[in-house]
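1. Structure of the sequence below:
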Amino acid sequence: MSDEAIYMMNVLWFKPEGGAKRYEEYLAAAGPLVAKHGGQREGDAFLPESAMIGEFDADLVFFVRYPSQEAFMAFVSDPAYKEISHLREEAISKSLLVKCNKR
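-> Residues are numbered from 1 along each chain as shown. Take a look at the predicted model:
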């Protein structure tokens, strides 16, 4: 594994009944843990409006930068994260998490 920064693209579909609100609770709880492991949101979050080519109907898209893949793995392995990860599962019906590198 490399010690190069990575960018995790988060693409989310919320559960219809309260999923977006529940995800806000998850973000509030996860934010300090992301920061603890060197992660930070990269830019704005985006609300997809319409697909111009292909099919895409996600509710939210955003990027989080981590200093390395090891830092990301430390975040998701943190026992404190395991305690709050249920909030994410309760909020979303589908998700994509895509590891990206800057060009």
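2. Need the residues that contact the helix or strand of the chain with the lowest mean pLDDT.
-> Within the chain, confidence by mean pLDDT, DSSP states H and E is lowest for strand 40-46 among all helices and strands, at a mean of 94. Taking contacts as CB atoms under 8 Å, 6 or more residues apart in numbering, the residues outside strand 40-46 that touch it are 7, 34, 60, 61, 62, 63, 64, 65. C-beta: built from backbone N, CA, C; applies to glycine.
3. What strands line up against it, and which way round?
-> On the basis of DSSP bridges, the sheet neighbours of strand 40-46 come out as strand 60-66 (antiparallel).
4. what packs against whichever helix in the chain runs longest?
-> Using DSSP state H to define each element, the chain has its longest helix at helix 19-36. In terms of contacts (3 or more CB pairs under 8 Å, 6 or more residues apart in numbering; DSSP states H and E), helix 19-36 is packed against strand 6-14, strand 60-66, helix 69-77, helix 79-91, strand 92-100.
5. Just the residues contacting it, thanks.
-> Taking contacts as CB under 8 Å, 6+ apart, the residues outside helix 19-36 that touch it are 12, 14-15, 40, 59-60, 64, 75, 78, 80-81, 84, 87-88, 90-93.
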